[in-house]
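Undergrad: have a look at this prediction, sequence included:
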Amino acid sequence: MDKQLQELNRNRTIPIFNCDYDLFDKHLEFYTAMGFEMSYYQKSPYRFASVQKEGVGEFSFYGVKKFEEEGNISGCYVVVPNIRAIYDELKANLKSYFGKIPSKGTPRFSRLNQTAEDWRVNITDPAGNTIIIGESLGDSKSLMKTEDERVKALESKFEKLYVQAYRFAFSKEDFLAARNTIEVALLKFKVDVPNEFLFKAKVLQTEIYVLLEQEDKANEALQEAEHIDLTVDEKENVAEFIERLQELRIELRMTSSSRAGYSNNENL
């Protein structure tokens, strides 16, 4: 009993998120699909539940009968020492449960991204709440100050816009702002930009279009990226982006196949 009380009273924070009353169980399904376990559940007199996962934490949910997504979106940041292991596990669990990774729309599970201050994965649940799980690279204020000074010192407007678009996409998940920013960079400032950097920008643009479910534009950007000539050394420098482009190519093919299959079923 003493051990149980010690565990219950252990210093910790449990975020409580609002979610749609009528979609309450569907909301919980997304978390259990990631590998979280139900630690509390009640259907009346009001809907309330908690889920938890070792190494990540505990989250609670309150069902709102007049739920409106705008104005009810919340979020939190979870600090972990082993982000890649947690990311790989959550991703594998989602793939096993749903057969695919929900990478766009709502809910969605982002890829593992590096920002100036951390490695992170952004998880947006069916109610629009966002949980960021991250592993710090050091003191965030110092790292951000150094990064801001580095970007400010850049002479290339193209590179400055690229950095801003990346931040919009993967730090803020503002995909529309990211799209607009990278489009301006590629339209107005790509003259004399090295092919290596141009390739990285086209891969980023492709991914942003995919996240916005703009498949036609994504395919166009992907083809443009594939036609950029890179030297052997440049290919080594952008190996991570070449790998990401291949992943996006597969994702777009799967999306196209799914749409074709759905269309054929509609015509039967």
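TA: Yep, that arrived.

Undergrad: helices of the stretch 101-250 of the chain, residue ranges please.
TA: With DSSP state H, counting those that start in this stretch, the ranges of helices along the stretch 101-250 of the chain come out as 140-153, 157-170, 175-188, 195-211, 215-226, 232-237, 239-267.

Undergrad: out of these, deepest packed?
TA: The highest mean neighbour count among these, using mean count of other Cβ atoms under 10 Å, belongs to helix 195-211: a mean of 22. No exception for glycine: its C-beta is placed from N, CA and C like everyone else's.

Undergrad: from the contact counts, what lies against that helix?
TA: Under the contact definition 3 or more Cβ pairs under 8 Å, 6 or more residues apart in numbering; DSSP states H and E, helix 195-211 sits against helix 157-170, helix 175-188, helix 215-226, helix 232-237, helix 239-267.

Undergrad: dump the C-alpha coordinates for stretch 204-219 into PDB.
TA: Extracted C-alpha coordinates of stretch 204-219, given in PDB (Å, rounded to 0.1, in the frame of the first residue of the first chain):
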ATOM      1  CA  LEU A 204      11.300  20.100 -48.500                       C
ATOM      2  CA  GLN A 205       8.800  21.500 -50.900                       C
ATOM      3  CA  THR A 206       7.700  18.000 -51.900                       C
ATOM      4  CA  GLU A 207       7.200  17.000 -48.300                       C
ATOM      5  CA  ILE A 208       5.200  20.200 -47.600                       C
ATOM      6  CA  TYR A 209       2.900  19.500 -50.500                       C
ATOM      7  CA  VAL A 210       2.400  15.900 -49.300                       C
ATOM      8  CA  LEU A 211       1.500  17.100 -45.800                       C
ATOM      9  CA  LEU A 212      -1.000  19.500 -47.300                       C
ATOM     10  CA  GLU A 213      -2.400  16.600 -49.400                       C
ATOM     11  CA  GLN A 214      -1.600  18.500 -52.600                       C
ATOM     12  CA  GLU A 215      -0.500  15.300 -54.500                       C
ATOM     13  CA  ASP A 216      -0.300  16.900 -58.000                       C
ATOM     14  CA  LYS A 217       2.000  19.600 -56.800                       C
ATOM     15  CA  ALA A 218       4.000  17.100 -54.700                       C
ATOM     16  CA  ASN A 219       4.600  14.800 -57.800                       C
END
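
Undergrad: how about stretch 89-99: buried residues?
TA: Under the neighbour-count criterion of 16 or more other Cβ atoms under 10 Å, stretch 89-99 has 89, 90, 91, 93, 94 buried.
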